[in-house]
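> Below: sequence and its predicted model.
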Amino acid sequence: MPEAILAAKNVSVSYGSHGTQVRALNDVSLTFATGALTLVMGPSGSGKTTLLSLLGCLLTPDEGSVFVDGAEVAALDERKRTDLRRRQIGFIFQAFRLFHSLSAFENVMIAAEIASERDQQRSEAAQHLLEHLGLGDKLNLKPNALSGGEKQRVAIARALLPNPKILLADEPTAALDAKAGRQIAEILRDLAEQQKRTIVVVSHDHRWASFAHRTVALEDGRLVEDRRN
């Protein structure tokens, strides 16, 4: 297997047992390039979320292998897998997952706080990220005082604080209006192109195709389309 920052090779995942078993992914192989935004589409139940969980080292395939930065994830022990996920992968969610009692700045810093890594350098990096994402005047505001698009930008800043090579986004614009959704799509595309990150976005929204460098489609757990945009 040639080295790739992120790859899935012949992965299969099943849920349930015996007569109720469902094949969520069936022999899927994908390699994700550095500096590109890949859009993963497909109907509900097609395997999109399962694929994202595999790529994020949250799930181990029943068959096949996942590689992150050249390492086969299943060959790592739990501590090394957790460390790999924390250092190399950032997650962005539809529901933002912000702490309502914390300010925008504090929400970005929360992972560093939990890992006992808060220092002046991290604090400055968090502030810089929020400023870069257009929230320099809203550092001290809590989520209830922010719009949906602003909340998602805080979530993006939080995901970026450890400086991961990979960003995985699960329906990041589903809760946003068209304008805010377009802004988030532009931000993620720029992060791929300008900062050479590998970004994978799962979405039902076909408007993402105009921002993605590549679109892949899943159906009934199988890869049915893989095209460059």
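Okay, I see it. Numbering: from 1, shown residues only.

> Would you check how far apart the nearest residue to R87 once chain neighbours are set aside and F91 are?
Spatially, and ignoring its direct neighbours in sequence, R87 is nearest to P162 (6.2 Å; CB to CB, 6 or more residues apart in numbering). C-beta coordinates here come from the backbone N, C-alpha and C atoms, glycine included. For P162, the distance to F91 equals 11 Å [CB to CB, to the nearest Å].

> can you pull the contacts of the residue minimising distance to the centre of the chain?
For the chain, the residue nearest the mean C-alpha position is L168 (1.2 Å; CA atoms, centre = their mean). For L168, the contacting residues are 52, 55-56, 89-92, 199-200, by CB atoms under 8 Å, 6 or more residues apart in numbering.

> export these to TSV and tack on distance to V216 and pLDDT?
Supplementary listing: those in TSV, determined by distance: CB to CB, whole Å; pLDDT from 0 to 100:
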residue	distance to V216	pLDDT
L52	12	96
L55	12	97
G56	16	96
I89	19	96
G90	20	95
F91	19	96
I92	18	96
I199	13	97
V200	9	98
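
> Which of those residues fall in helices?
Where the contacts of L168 overlap with helices, as defined by DSSP state H, the overlap consists of 52, 55.

> possible to save the contacts of L168 as TSV with neighbour count and distance to L39?
Written out in TSV, the entries for these read as follows (neighbours: other CB atoms under 10 Å; distance: CB to CB, whole Å):
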residue	neighbour count	distance to L39
L52	20	12
L55	26	14
G56	21	16
I89	23	18
G90	26	17
F91	18	17
I92	22	14
I199	25	9
V200	27	8
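
> could you pull out the helices for this protein?
48-55, 78-88, 104-114, 120-132, 148-160, 178-195.

> rank those by pLDDT, which is bottom?
Lowest mean pLDDT of the helices of the chain: helix 104-114, a mean of 87.

> Near the residue nearest to R87, how many other residues are there?
Applying the criterion other CB atoms under 10 Å, we find 17 residues in the vicinity of P162.

> I'd guessed it sits against V108; true?
No. Look at P162 against V108 with CB atoms under 8 Å: they stay out of range, at 10.8 Å.

> still on that earlier bit, kindly reformat the contacts of L168 as TSV containing distance to T31.
As requested, the contacts of L168 are arranged in TSV below (distance: CB to CB, whole Å):
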residue	distance to T31
L52	16
L55	11
G56	16
I89	16
G90	19
F91	20
I92	21
I199	14
V200	11
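
> check contacts around the nearest residue to L130 once chain neighbours are set aside.
Of all residues beyond its chain neighbours, the one nearest L130 is A157 (5.2 Å), with distances taken as CB to CB, 6+ apart. Going by CB under 8 Å, 6+ apart, A157 touches 104, 108, 126, 129-130, 133, 135.

> which of these lies closest to S147?
Comparing the contacts of A157 against S147 with CB to CB picks out L135 as the nearest, at 10.6 Å.

> Just to check, that closest one is in contact with K151?
No. In this structure, L135 sits apart from K151 without contact. The criterion is CB under 8 Å, and the distance is 10.0 Å.
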